[in-house]
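Student: Turn this into a structure:
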Amino acid sequence: SMAAQLALAVNELVLNACKHAFGEEGPGAVTISGGRAGGRVTIDVADDGQGWPEGFDPARSRGLGMKVVLGTV
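Tutor: Coordinates of the predicted model:
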């Protein structure tokens, strides 16, 4: 179902943020927000961590989490 796919994607984004965003810098914040735009539901997951590594392209990621988020699984 669409709800299950959305839940998996949000879960993967939050887990990735917690696992990779903060490194040795210590704790940080992960925020989840949602709304409607143009007849579509939007979900934003953001963190205040170190950002993606230079050259990282989510569309080319081989990780299962990004494949789930991008809907390519």
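
Student: so Gly23 makes contact with Asp47?
Tutor: No: at 11.6 Å, Gly23 does not count as touching Asp47 under the criterion of CB atoms under 8 Å. Where C-beta positions appear, they are placed from N, C-alpha and C, glycine not excepted.

Student: Between those two, tell me which one has more neighbours.
Tutor: Neighbours per residue (other CB atoms under 10 Å) separate Gly23 from Asp47, with Asp47 holding more: 18 against 10.

Student: my read: that one touches Ala29, true?
Tutor: Yes: under the criterion of CB under 8 Å, Asp47 makes contact with Ala29 at 6.6 Å.

Student: my guess is Leu15 contacts Gly65, does it?
Tutor: Yes: look at Leu15 against Gly65 with CB under 8 Å: they come within range, at 6.9 Å.

Student: Surely Val68 forms part of a helix?
Tutor: Yes: secondary structure assignment places Val68 in a helix (DSSP: H, G, I helix; E, B strand; the rest coil).

Student: Could you give the number of residues near it?
Tutor: 16.

Student: Output the contacting helices and strands for the longest helix along the chain.
Tutor: Longest helix in the chain by number of residues, with DSSP state H as the criterion: helix 2-20. Contacts defined by 3 or more CB pairs under 8 Å, 6 or more residues apart in numbering; DSSP states H and E place helix 2-20 against strand 30-37, strand 40-47, helix 64-70.
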